[in-house]
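Chemist: Only the shape, not the letters, is given here:
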C-alpha cells in the first residue's frame, strides 16, 4: 500500500485543520499503519486513531478504530516484533485519582491472529521500548534513561515478557479496548 489512504475506510475519520494524518510502514513492509485524527491533547502529548492495512488486501483495513486512542510520537509510535507478528503501541487510560490500573499501558495487536492484549504500565511507558529476543518473547529496554532517572518508579529494564502468557482479546472487540483494559 502506498501513502494514499482510502480515508472512506477509516472509522471516525475527521478532516479538520487541527487534525493530522501520518503513515508508517513496518520495516518488512508487511503492514501499513495510518494514524489519523492526530491531535495534541496536552502540551507535547499527541494521540490519534489507528488503522492497520496488510499488503495486498485491496485497501481493506484489518483494523480501523475511531474509538481507541494511541500515543503518537513520530519516531517511537510503534514497536514491531516481526517474529511474533505483533505491533505494540502505548494507550492512554487515565481514570482519575483513584486509579486501580496503571494509566499508560502497552497495547499489543497481532493482526494475523486478529487479537489484541495489554501490558500494564504507568506513564513511564513512553521512556521504554522492547527488543524481540525470540518468538513471543520481548525484552524491556530504556529509550530515555535520563527521564527514568527523574522518577521514583522501579526500573523494568531487562525484564522479559512472554507474549504467550498474556490474555488476548478478539480484534472484533477492539473499539472497547480501554474499557476491557480497565475492567480486566
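Modeler: The structure has been received and is ready for your questions. Remember, it's a predicted structure, so these values are computed and weren't measured experimentally.
Chemist: Report how many residues lie close to residue 154.
Modeler: The burial count assigned to residue 154 is 8, neighbours taken as other CB atoms under 10 Å. Yep, even glycine has a C-beta here, placed from its N, CA and C like the rest.
Chemist: cool, and the one 4 residues further on?
Modeler: As a burial measure, residue 158 scores 9 neighbours (other CB under 10 Å).
Chemist: Am I right that it is in a helix?
Modeler: No: using DSSP: H, G, I helix; E, B strand; the rest coil, the assignment for residue 158 is coil, not a helix.
Chemist: And the pLDDT for it?
Modeler: Here the pLDDT value assigned to residue 158 is 98.
Chemist: repeat for residue 75
Modeler: On the pLDDT scale, residue 75 is placed at 83.
Chemist: again with residue 4
Modeler: The per-residue pLDDT reported for residue 4 equals 62.
Chemist: who's in contact with the nearest residue in space to residue 94 that is not next to it in sequence?
Modeler: In space, residue 94 comes closest to residue 103 once its chain neighbours are excluded; the distance is 4.7 Å by CB to CB, 6 or more residues apart in numbering. Contacts for residue 103 were tallied using CB atoms under 8 Å, 6 or more residues apart in numbering; they are 92, 93, 94, 95, 122, 123.
Chemist: Pull the most distant pair out of those residues.
Modeler: Using CB to CB, the pair of those lying farthest apart is 95 and 123, separated by 12.9 Å.
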